[in-house]
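Enquirer: What would the 3D arrangement of this be:
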Amino acid sequence: MWGFERRLAHGVMSGAMVATVMALTGCSGTPSPVGDPDPGHRRLKAILPVLSAVPPRAHVTLKQSVKPQWDSCDGVRSTYGWDPATVDVDFTGGGSALQVVAYVQTAMQGLGWTFDQASIAQGVWAWHKKLTDGGQASAQLLGGPDAEPPDWTLQATAPPASHPSRGC
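Expert: You can find the predicted model right below:
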């Protein structure tokens, strides 16, 4: 073998060995997902009804549900994990601020959510709900006529059943 060909072959083999070692030791890219964040989709199903807690005269501008995603907010391998299951509904109108809050509060109570009185001091309206599998979901109503823009957002989240993302 010529010198150049020998060095090239050696370089290709060394690169392949490094890639193999990195893959085997988990030193490259995104780590593989671990565990089932929502067995039977029960956690997402438990929070889906929150999407219906919108006043009848409101105009819905966004309605979405998001399954848990394998993620890291900072890209560091040690912080990867599952994001919570999430539902969001954005809307405008629906009456005065007092009417909207009263409607949402009554609807959430009817769906089995407990209002967190302390949340009012923080400028939000928040609820929690014990899930059948032992987790605890949370929800909050944000916005209103004093917000910019004057829209409302009602969001509920259920933490993953296993391996939540960390460090963010």
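
Enquirer: Report the secondary structure element holding residue 127.
Expert: Assigned by DSSP states H and E, residue 127 belongs to strand 125-130.

Enquirer: mind listing what's buried in that strand?
Expert: Under the neighbour-count criterion of 16 or more other C-beta atoms under 10 Å, strand 125-130 has 125, 126, 127, 129 buried. Backbone N, C-alpha and C define where each C-beta goes, glycine included.

Enquirer: Other residues contacting whichever helix or strand comes after it?
Expert: Per DSSP H and E, the first helix or strand lying C-terminal to strand 125-130 is strand 136-143. Strand 136-143 has contacts (C-beta atoms under 8 Å, 6 or more residues apart in numbering) with 43, 46-47, 50, 101, 104, 108, 113, 119, 124-131, 150-159.

Enquirer: Provide a PyMOL selection command restricted to the buried entries of those residues.
Expert: Buried residues among those (16+ other C-beta under 10 Å), as a PyMOL selection:
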select buried, resi 43+46+47+50+101+104+108+113+119+125+126+127+129+131+151+152+153+154+155+156+157+158+159
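
Enquirer: Among the contacts of strand 136-143, which lie within helices?
Expert: 43, 46, 47, 101, 104, 108 (DSSP state H).

Enquirer: returning to what we had before: tell me which strands and helices the strand holding residue 127 is in contact with?
Expert: Secondary-structure packing of strand 125-130 (3 or more C-beta pairs under 8 Å, 6 or more residues apart in numbering; DSSP states H and E): helix 97-110, strand 114-116, strand 136-143.
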